[in-house]
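>>> Next comes the sequence, and after it the predicted model I'd like to discuss.
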Amino acid sequence: MDTVQAEILVEITSFLERHRISYMITGSLSVIYYGRPRASHDIDIVIELRNEDIEKLLLAVKTLSSAFLIQPAAIDEAMQHKTVFGIIYRPTLLKVDIWMLTSSPFDTSRFLRKEKKRILGKTMWMASAEDAILQKLRWYKKADIEKHLVDAAFVYQIQKKELDMKYINSWAKKLRVETNLKKLDSIDLELYF
C-alpha cells in the first residue's frame with residue numbers, strides 16, 4: 001500500500017468511527033493484509049447504515065476535507081438499492097468504494113465476524129480471513145477474473161493453519177463456490193510474485 005493510500009485509509013476509517021458508522025475493510029486490502037502484497041487501485045469498505053441514518057451520513061460527509069469528492073445523490077441511491085457509492089480523492093483520483101451492508105445471510109455473517117486489526121498504527125475493522133476468501137470466490141464466480149481466484153489462493157494458503165474450515169466449507173456450499181475452493185490448494189503462488 002502506498003503512502004497516499006495508507007493516509008486515505010486512516011482518514012476514512014477515522015471519519016467512520018467519529019460518526020459511529022460500523023464498517024469493515026474488505027476487497028484487495030484484506031487480501032494484502034492476510035495474503036500477499038500487491039498493487040491496489042482502490043479501497044473497499046462495507047458499512048452498516050439504516051435508512052433513518054442517511055441524513056446523518058449526508059451531514060457527516062460535509063465534514064470531510066474538500067480533497068474528497070462525494071455525490072450525495074450517489075449515497076442516496078446506494079442506500080435505496082443496497083449497492084455502492086464512491087469517494088474520490090481528488091489529488092490522485094484514488095477511489096474509495098463504500099458498499100452498503102445488505103441483509104443477505106452471508107453479508108450479515110461476515111459483518112458480524114469482522115475482526116479488530118492493528119493497521120498503520122491504528123485499530124481498524126477488517127473482514128476475517130475466511131470471509132476474504134469466500135468473497136473473492138464469489139467475485140470470481142461472478143466475473144471470471146483470475147485475480148480473484150489467485151487472491152483467494154494466497155489468503156487460503158498463507159492462513160491455512162488458522163482458518164475455520166468448517167465455516168468456509170459450509171458457506172462455500174451455500175454460495176456455490178465449492179468447486180473453486182477445492183482449487184485453492186493447488187494454485188502455484190510462485191507464479192504470481
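Ah, there it is. Numbers count the residues shown, from 1 in each chain.
>>> Quick one: residues in contact with stretch 179-189.
Residues from elsewhere that reach stretch 179-189, judged by CB atoms under 8 Å, 6 or more residues apart in numbering: 36, 133, 137, 140-141, 149-150, 152-154, 156-157, 168-169, 172. C-beta coordinates here come from the backbone N, C-alpha and C atoms, glycine included.
>>> where's that stretch relative to the chain centroid, distance-wise?
Chain-centre distance of stretch 179-189: 21 Å, with CA atoms, centre = their mean, to the nearest Å.
>>> can you check stretch 87-104 too?
10 Å.
>>> Give the buried residues for it.
87, 89, 94, 95, 96, 97, 98, 99, 100, 101 (16 or more other CB atoms under 10 Å).
>>> what do you get for stretch 123-131?
Per 16+ other CB under 10 Å, stretch 123-131 contains these buried residues: 124, 125, 126, 127, 128, 129, 130, 131.
>>> Bridged to the second one, which residues?
Same thing as residue 125. residue 116 (DSSP bridges).
>>> which phi and psi does residue 58 have?
phi -60, psi -40 (degrees, to the nearest 10).
>>> these two touch, right, it and residue 75?
Yes: look at residue 58 against residue 75 with CB atoms under 8 Å: they come within range, at 6.3 Å.
>>> These two - which one has more neighbours?
The neighbour count for residue 58 versus residue 75, taken as other CB atoms under 10 Å, is higher for residue 75 (20 against 14).
>>> List the residues that contact that one.
54, 57, 58, 61, 85.
>>> Out of those residues, the closest to residue 29 would be?
Comparing the contacts of residue 75 against residue 29 with CB to CB places residue 85 closest, at 17.9 Å.
>>> isn't there a strand covering the closest one?
Yes: with DSSP: H, G, I helix; E, B strand; the rest coil as the criterion, residue 85 is located in a strand.
>>> Thought residue 74 was touching it, still the case?
Yes: counting by CB under 8 Å, residue 85 does reach residue 74; the two are 4.1 Å apart.
>>> Please report how far residue 35 lies from residue 24.
Per CB to CB, to the nearest Å, residue 35 is found 17 Å from residue 24.
>>> same thing with residue 126?
Taking CB to CB, one finds residue 126 at 6 Å from residue 24.
>>> Can you check which residues contact both of these two?
residue 114.
>>> check contacts around the residue nearest in space to the middle of the chain.
The centroid of the chain falls nearest to residue 26 when counting by CA atoms, centre = their mean (1.6 Å). By CB under 8 Å, 6+ apart, residue 26 lies in contact with 44, 45, 46, 99, 126, 127, 131, 132, 135.
>>> If we use 6 Å, what do you get?
44, 46, 127 (CB atoms under 6 Å, 6 or more residues apart in numbering).
>>> can you list contacts of the worst-scoring helix or strand of the chain on mean pLDDT?
Within the chain, confidence by mean pLDDT, DSSP states H and E is lowest for helix 54-61 among all helices and strands, at a mean of 79. By CB under 6 Å, 6+ apart, the residues outside helix 54-61 that reach it are 19, 70, 72, 79.
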